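In: No sequence on hand, only this structure:
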């Protein structure tokens with residue numbers, strides 16, 4: 001019995017080749033992502049010369065905050081001096097309250113409080129192991145074990161994706177090929193750590209973001225680690 005064959009048209013063949021190429025690209029991207037995630041595991045030592053120092057970064061941010069405060073205070077004083085005495089009496093309470101807010105906002109912020117947060121932000125060694133959960137050990141002392149949310153940065157009504165410990169409420173998830181750990185600190189504010197693996201040369205890059213209050217000023221700096229023993 002003769003076999004019937006359907007010859008490929010040029011358009012159909014081109015479409016098939018495109019589909020194969022897209023499949024291979026997606027497969028390679030998935031493999032690269034898996035390799036990047038697996039590469040996070042291990043013991044890491046801080047490379048001081050390639051990292052931003054916490055104290056220097058905090059001083060820089062506080063200097064900028066105080067510079068803005070002085071500009072706001074100068075403008076406020078000019079506005080106050082230009083107000084006639086009658087209106088000054090009328091708005092004195094409001095002006096005093098505004099001045100107090102400026103002064104309070106201009107105080108140097110203690111970005112490393114509480115002490116547990118400082119320990120995490122200045123740690124010279126990290127041990128990181130992740131599968132369904134992630135284990136983080138800072139300087140061989142402070143250990144955190146966190147469940148990873150497979151849905152990413154998403155929240156449910158039950159709240160089962162949230163980890164709670166003595167530091168705060170934490171959501172851990174993968175974003176692209178990086179592990180992100182967001183902690184709402186019990187004493188207030190937020191600490192976000194983004195752990196990303198880099199090869200050639202092999203490095204662990206940690207982007208640290210500290211917020212004292214939501215929508216307020218933030219401290220952000222990068223720490224770089226190499227494989228340790």
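Out: Happy to help now that I have it. In this text the structure is predicted, and so the values were computed from the model without any measurement.

In: Next secondary structure after the lowest-mean-pLDDT helix or strand in the chain?
Out: Of all helical and strand segments in the chain, the minimum by mean pLDDT, DSSP states H and E falls on helix 10-38, at a mean of 50. The first helix or strand that comes after helix 10-38 along the chain, using DSSP states H and E, is strand 42-46.

In: just checking, what packs against that next one?
Out: strand 125-130, strand 218-227 (3 or more CB pairs under 8 Å, 6 or more residues apart in numbering; DSSP states H and E). To be clear about C-beta, it is placed using only N, CA and C from the backbone, and glycine gets the same treatment.

In: a markdown table for these, including mean neighbour count and distance to residue 45?
Out: Below are those laid out as a markdown table (neighbours: other CB atoms under 10 Å; distance: least, CB to CB, whole Å):
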| stretch | mean neighbour count | distance to residue 45 |
| --- | --- | --- |
| strand 125-130 | 18 | 6 |
| strand 218-227 | 17 | 6 |
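
In: among the ones you listed, which is nearest residue 69?
Out: Nearest of these to residue 69, taken as CB to CB: strand 218-227 at 16.4 Å.

In: Does anything pack onto that closest one? Which helices or strands?
Out: strand 42-46, helix 54-81, strand 203-211.

In: In its sheet, which strands sit next to that strand, and in what direction?
Out: strand 42-46 (antiparallel), strand 203-211 (antiparallel) (DSSP bridges).

In: Including mean pLDDT, mean neighbour count and distance to residue 142, could the ones you listed go into a markdown table?
Out: Formatted as a markdown table, the strands paired with strand 218-227 follow (pLDDT from 0 to 100; neighbours: other CB atoms under 10 Å; distance: least, CB to CB, whole Å):
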| stretch | mean pLDDT | mean neighbour count | distance to residue 142 |
| --- | --- | --- | --- |
| strand 42-46 | 97 | 18 | 15 |
| strand 203-211 | 97 | 19 | 15 |
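
In: wait, which of those is closest to residue 62?
Out: That would be strand 203-211 among those, by CB to CB, at 12.3 Å.

In: returning to that earlier point: take the strands paired with strand 218-227 and write them to TSV, including distance to residue 225.
Out: Below are the strands paired with strand 218-227 laid out as TSV (distance: least, CB to CB, whole Å):
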stretch	distance to residue 225
strand 42-46	4
strand 203-211	4
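
In: Residue 63 is nearest to which of those strands?
Out: Of the strands paired with strand 218-227, nearest to residue 63 by CB to CB is strand 203-211, at 16.2 Å.

In: just checking, residue 174 is part of a strand?
Out: Yes. Per DSSP: H, G, I helix; E, B strand; the rest coil, residue 174 lies within a strand segment.

In: Just list the residues touching it, thanks.
Out: Residue 174 sits next to 37, 148, 152, 180 when contact means CB atoms under 8 Å, 6 or more residues apart in numbering.

In: possible to save these as a markdown table with distance to residue 191?
Out: Formatted as a markdown table, those follow (distance: CB to CB, whole Å):
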| residue | distance to residue 191 |
| --- | --- |
| 37 | 22 |
| 148 | 17 |
| 152 | 19 |
| 180 | 11 |
